[in-house]
Every structure is written in C-alpha cells, then in structure tokens.
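S.K.: fold the stuff below for me.
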Amino acid sequence: MVTDRVVAGGAGERVVDGVDSAVYTVPTDAPEADATLGWDSTTLVLATVRCGRVTGLGYTYAPAATALVVDDLLADVVTGTPALDVPRANEAMHRAVRNAGLPGVAAQAIAAVDIALWDCKARLLDLPLVDLLGRARDEVPVYGSGGFTTYDAEHQDRQLRGWTEEEGIPRVKIKIGESWGRCEDRDQERVAEARASIGDTTDLYVDANGGYAAKQAVRMADTLADHGVTWFEEPVSSDHLTTLATVRDRVPMEVTAGEYGYTLPYFAHMLAAGAVDCLQADVTRCGGITVWLRAAALAHGQGLEISGHCAPHAHAHAAASVPNLRHLEWFHDHVRIERLLFDGVLAPDGGGLTPGHDGAPGLGLTLNSERARPYRVA
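M.R.: Down below sits the predicted model:
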C-alpha cells in the first residue's frame with residue numbers, strides 16, 4: 001500500500017521505495033570484433049527504481065555480475081532517499097562501493113541506478129528528462145557506428161549504406177587495428193572500401209580501440225588522411241595519456257578517447273594531459289547522468305566538446321542539455337538491443353535525435369516485457 005511516501009503529483013515526501021535489477025543477454029546478428037576484442041552476444045543490466053506508483057529505468061552494458069552490485073551494495077543505500085535528490089543518492093552509491101573498488105563493474109552499476117533515478121524524477125514531475133535538465137539544443141547529432149573487423153566487404157558496405165542512404169546519417173565510423181594492429185593492409189583496404197561506400201560528402205571516422213603502437217598509429221594516419229578520415233578514436237591505448245597526447249600532436253585528424261572513463265578524475269587527467277581533441281564519455285560507465293554532465297562541464301571548461309559513447313537512448317536527453325555536445329554514437333549493437341527491449345525508442349532521421357519531442361516523461365522508454373522475456377538470464 002502506498003501511503004504519504006509519494007504518489008506522482010501528490011503530496012508528501014517522495015522517497016525511493018526500492019531498487020531492482022534484471023539481466024538480459026542478446027546474441028549479435030553476426031560475429032563482431034574490434035582491434036582487441038571479439039564477442040557474439042551483449043549483456044544489458046537493467047535497474048529499476050520504484051517510488052510510489054512511478055518506476056524509473058536505467059541500464060548499462062556490462063557483465064551480469066553488475067546486477068549483484070546493484071542488489072548487494074546499492075539498493076539499500078538508495079532506498080529511502082529523497083527521489084528528487086539524485087546527486088545525494090549518487091554520492092551515497094559512490095561511498096558504498098569504496099572497498100569493492102569503483103572503476104569497472106561498480107561504476108557501471110552506479111550508472112544504471114543513477115539513470116533510473118533521473119528517469120524516475122522526471123516521471124514524478126511528468127516531464128521529459130531533457131525538459132527537467134533544460135535544453136541546450138533541440139536535435140542531437142548521431143554517427144553510425146559498427147564496421148566491425150569481422151565484416152566482409154559486402155556486409156560493411158550494406159551497413160554503411162543503410163546509415164547514409166536509408167537513415168540520412170552524414171557521419172559513420174568503422175573499426176580498424178584488427179588483431180592488435182597486425183593487419184595493416186586489411187585496415188587500409190577496409191578504409192578505402194568505406195570511403196567508396198559513403199561517397200565524398202559523408203564524414204568518415206575510425207576507431208582503433210587502442211590496438212596500434214604509437215609510431216604505427218602515426219604511420220597509419222597518412223593513409224587515413226588520404227581517405228578523408230577526420231576522427232581517429234583511441235589510436236593507442238588511453239591508459240597511456242602521454243603517448244596518446246604525442247600521437248595527437250603528430251596526426252592531422254582529431255584524436256578522441258574517454259570511453260573507459262569510470263571516474264571524474266579520469267577525465268580531468270585526460271584533459272590535463274592534452275590527450276584528446278574531443279572528449280568521449282559513456283553515461284553507462286562513468287557513474288550515470290550525474291557524472292556525465294560533470295565530465296561535459298570539465299571539457300567545456302577546456303574549450304572542448306564531448307561525444308556520448310554508445311547506448312544512445314541512455315545518453316540522448318542529457319546530451320541535449322549540454323552546450324558543448326559534438327554527437328552521440330549510434331552503435332549498431334546497442335541500437336538493435338534498445339529497439340528490441342524498449343518501446344519509445346528514437347529514430348535518427350536525417351542524422352539527429354529529438355529527445356522529448358513527444359512529451360513522454362523521463363527517458364520516454366518502457367520495457368517491453370514480452371519481447372524482452374526470451375533474453376532474460378537473471
């Protein structure tokens with residue numbers, strides 16, 4: 001029975017009644033790999049926050065063990081907190097995982113719950129989340145992302161043309177650095193094929209996922225420049241900021257990184273090292289919307305833009321609220337999963353998303369239990 005704790009729109013103190021988790025694993029539609037990792041399925045960990053009759057949802061792409069962190073370390077510290085005070089709950093969650101270790105799975109668990117808290121707050125106030133945060137823009141640009149190293153030429157061409165010709169997305173990205181950089185000739189061939197698929201007017205990005213050595217990345221940049229590549233993501237490992245900064249100084253295209261940032265100091269160190277031309281941050285890894293907005297502010301203070309990494313529907317509303325947004329990654333794997341599991345997903349018509357355009361509260365997403373049920377594993 002709901003008492004004066006809260007009914008949406010009613011009186012009384014609005015506190016979180018409980019936090020739940022669920023795990024869904026979805027097979028890929030074809031084998032996928034980048035420079036340093038391959039996979040044939042992707043796991044989404046869902047967090048739900050209950051406040052009276054209102055439920056907020058959030059999620060992260062992470063191992064199933066992330067749900068145990070939600071259940072065992074986070075649920076109790078969030079339950080009973082004021083539902084409108086999301087930063088308070090975020091801080092409590094960060095303190096709760098001190099001994100468990102924040103970077104990695106714990107930060108992803110915090111992210112899922114934090115996103116759910118923001119979704120819940122906006123639903124309690126009957127607002128799209130972007131209207132709660134305040135808009136800096138109406139449209140959020142996206143870039144098509146996939147082009148896995150496991151794709152043959154026909155598959156890559158079909159995917160790229162689907163983004164550019166069918167959905168009107170004017171910027172795309174493929175993976176390079178195959179097998180830790182040991183397939184330079186094939187990397188070069190695939191970049192040339194990508195340019196032939198998309199024509200001269202579409203922006204072409206590449207992502208090496210840290211697979212190259214420093215001089216190798218600089219050498220490869222000559223070929224990339226010949227094909228008009230303007231975005232060179234993680235040419236070397238972002239663990240080595242001095243090396244990344246050196247490569248940035250030596251290549252003509254923009255160097256970007258940050259997807260493995262789990263804490264705000266990580267982004268501060270990356271910016272202080274002068275390692276990137278555009279900061280990337282993943283709302284499902286860095287501690288949620290609360291921390292992602294702070295990372296965007298750090299970048300803004302350095303005169304740089306921020307790009308949202310993967311999970312486009314988790315990012316869209318927050319991305320529309322920051323003035324220094326570059327774009328969001330319309331990542332093939334995650335787009336498939338979000339379209340499968342959720343109703344209320346957005347469409348990148350003409351290369352941009354318009355979060356909140358239909359007036360739906362929160363993120364505008366609802367779990368489709370019938371479609372999701374076959375993929376639930378925990």
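S.K.: can you pull the phi and psi angles for the residue lying closest to Glu178 once chain neighbours are set aside?
M.R.: In this structure, Glu178 finds its nearest non-sequential neighbour in Thr149, 4.1 Å apart by Cβ to Cβ, 6 or more residues apart in numbering. Where C-beta positions appear, they are placed from N, C-alpha and C, glycine not excepted. Main-chain torsions, Thr149, degrees, to the nearest 10: phi -70, psi -20.
S.K.: Thr149 touches Ala30, doesn't it?
M.R.: No - contact criterion Cβ atoms under 8 Å: Thr149 and Ala30 do not qualify, at 11.9 Å.
S.K.: more crowded one of these two?
M.R.: More neighbours surround Thr149 than the other of Thr149 and Ala30, with 24 against 14 (other Cβ atoms under 10 Å).
S.K.: which helix of the chain spans the most residues?
M.R.: Counting by DSSP state H, the longest helix found in the chain is helix 105-124.
S.K.: toward the C-terminus, what is the element adjacent to that one?
M.R.: Downstream of helix 105-124, the next assigned helix or strand under DSSP states H and E is helix 129-133.
S.K.: and that following helix, what's its mean pLDDT?
M.R.: Mean pLDDT, helix 129-133: 98.
S.K.: from the chain's centre, how far out does the helix or strand following it sit?
M.R.: Downstream of helix 129-133, the next assigned helix or strand under DSSP H and E is strand 140-146. Here strand 140-146 is found 11 Å from its chain centre; the criterion is Cα atoms, centre = their mean, to the nearest Å.
S.K.: which parts of strand 140-146 are buried?
M.R.: Within strand 140-146, the residues that qualify as buried are Val140, Pro141, Val142, Tyr143, Gly144, Ser145, Gly146, counting by 16 or more other Cβ atoms under 10 Å.
S.K.: low-scoring stretches of the protein, by residue?
M.R.: For the chain, applying pLDDT under 70 flags the ranges 1-12.
S.K.: how about the strands in the stretch 151-300 of the chain?
M.R.: 171-175, 203-207, 229-233, 254-257, 278-281 (DSSP state E, counting those that start in this stretch).
S.K.: reformat the buried residues of strand 140-146 as TSV; add distance to Ala281.
M.R.: Listed next are the buried residues of strand 140-146 as TSV, based on distance: Cβ to Cβ, whole Å:
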residue	distance to Ala281
Val140	15
Pro141	16
Val142	16
Tyr143	16
Gly144	20
Ser145	15
Gly146	20
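S.K.: let me know the closest of the residues you listed to Glu165.
M.R.: Nearest to Glu165 among the buried residues of strand 140-146 is Gly144, at 11.0 Å by Cβ to Cβ.
S.K.: I figured that closest one hits Val172, correct?
M.R.: Yes - applying Cβ under 8 Å, one finds Gly144 in contact with Val172, separated by 4.3 Å.
S.K.: what is in contact with those two at once?
M.R.: Among the neighbours of Gly144, those also in contact with Val172 (Cβ atoms under 8 Å, 6 or more residues apart in numbering) are Leu160, Trp163, Thr164.
S.K.: what's the closest of those residues to Gly177?
M.R.: Ranked by distance to Gly177 (Cβ to Cβ), the shared contacts of Gly144 and Val172 are led by Leu160 at 18.3 Å.
S.K.: tell me the contacts of the closest one?
M.R.: Gly144, Gly147, Val172, Ile174, Ala194, Ser197, Ile198.
S.K.: what's the distance between it and Val247?
M.R.: From Leu160 over to Val247 the distance is 26 Å, taken as Cβ to Cβ, to the nearest Å.
S.K.: if we can go back for a sec, format the strands of the stretch 151-300 of the chain as a markdown table; extra columns: distance to Val78 and mean neighbour count.
M.R.: Below are these laid out as a markdown table (distance: least, Cβ to Cβ, whole Å; neighbours: other Cβ atoms under 10 Å):
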| stretch | distance to Val78 | mean neighbour count |
| --- | --- | --- |
| strand 171-175 | 36 | 25 |
| strand 203-207 | 34 | 23 |
| strand 229-233 | 34 | 23 |
| strand 254-257 | 31 | 24 |
| strand 278-281 | 23 | 24 |
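S.K.: who does Ser21 form a beta bridge with?
M.R.: Ala47 (DSSP bridges).
S.K.: now for Leu304: which residues touch it?
M.R.: The neighbours of Leu304, taking Cβ under 8 Å, 6+ apart as the test, are Leu271, Val276, Asp277, Cys278, Leu279, Asn324.
S.K.: give me the neighbour count for the first one.
M.R.: Just to be clear, that refers to Leu271. 19.
S.K.: if you count neighbours, what's buried in stretch 212-223?
M.R.: Tyr212, Ala214, Gln216, Ala217, Val218, Met220, Ala221, Thr223.
S.K.: meant to ask about stretch 131-139
M.R.: Quick answer for stretch 131-139 (16+ other Cβ under 10 Å): Asp131, Leu132, Leu133, Arg137.
S.K.: got the CA coordinates for it in PDB?
M.R.: Extracted in PDB, the C-alpha atoms of stretch 131-139 (Å, rounded to 0.1, in the frame of the first residue of the first chain):
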ATOM      1  CA  ASP A 131      13.000  19.400 -20.100                       C
ATOM      2  CA  LEU A 132      13.900  18.700 -16.500                       C
ATOM      3  CA  LEU A 133      17.600  19.200 -17.200                       C
ATOM      4  CA  GLY A 134      17.000  22.100 -19.600                       C
ATOM      5  CA  ARG A 135      17.600  22.100 -23.300                       C
ATOM      6  CA  ALA A 136      20.800  23.500 -24.900                       C
ATOM      7  CA  ARG A 137      19.600  22.200 -28.300                       C
ATOM      8  CA  ASP A 138      16.600  20.500 -29.900                       C
ATOM      9  CA  GLU A 139      18.400  18.000 -32.000                       C
END
